[in-house]
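K.L.:
all I have is the shape, not the residue letters:
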């Protein structure tokens, strides 16, 4: 759990997913592999980046909702 602005939220691996996506993207261009493997690396990079972005958006929405609930209570 992490406290952001007085709102306690769970840790989400959004940044980790985006980092993994960037690393996969780097390897898809840098490694000397067959085109099929390169395409699979590109697709997995895209999936990891989209998943990381979705997780971070969910985190922001959760923080906003909890902050709104705290403001209503005050």
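P.N.:
Arrived safely, thanks for sending. What you are looking at is a predicted structure, and each value in this text was computed from that prediction instead of being measured.
K.L.:
from here on, contacts and neighbour counts on C-alpha atoms
P.N.:
Will do.
K.L.:
next SSE downstream of the worst-scoring helix or strand of the chain on mean pLDDT?
P.N.:
Ranked by mean pLDDT, DSSP states H and E, the helix or strand of the chain with the weakest confidence is strand 7-9, at a mean of 57. As assigned by DSSP states H and E, the chain's next helix or strand after strand 7-9 is helix 14-30.
K.L.:
for the helix or strand following that following helix, buried residues please.
P.N.:
Of the helices and strands lying after helix 14-30 in sequence (DSSP H and E), the nearest is helix 35-73. For helix 35-73, the neighbour count (16 or more other CA atoms under 10 Å) marks 38, 41-46, 48-53, 55-56, 59, 62-63, 67 as buried.
K.L.:
now the angle between helix 14-30 and helix 35-73, please.
P.N.:
With axes from the mean of the first three to the mean of the last three CA atoms, to 10 degrees applied, the angle from helix 35-73 to helix 14-30 works out at 160 degrees.
K.L.:
what is the mean pLDDT for helix 35-73?
P.N.:
With pLDDT averaged residue by residue, helix 35-73 scores 88.
K.L.:
and that helix, what does it pack onto?
P.N.:
In this structure, helix 35-73 packs against strand 7-9, helix 14-30, with contacts taken as 3 or more CA pairs under 8 Å, 6 or more residues apart in numbering; DSSP states H and E.
K.L.:
what about that helix, distance to the chain center?
P.N.:
When C-alpha coordinates are averaged (CA atoms, centre = their mean, to the nearest Å), helix 35-73 and its chain have centres 4 Å apart.
K.L.:
rewinding a little: quick one: which of the helices and strands packed on helix 35-73 has the weakest pLDDT on average?
P.N.:
strand 7-9 has the lowest average pLDDT among those, namely a mean of 57.
K.L.:
residue 18 - how many residues pack around it?
P.N.:
22 (other CA atoms under 10 Å).
K.L.:
the closest residue to it other than its chain neighbours: what's it in contact with?
P.N.:
Ranked by CA to CA, 6 or more residues apart in numbering and with sequence neighbours excluded, the top spatial neighbour of residue 18 is residue 49, at 4.6 Å. Residue 49 makes contacts with 17-22, as judged by CA atoms under 8 Å, 6 or more residues apart in numbering.
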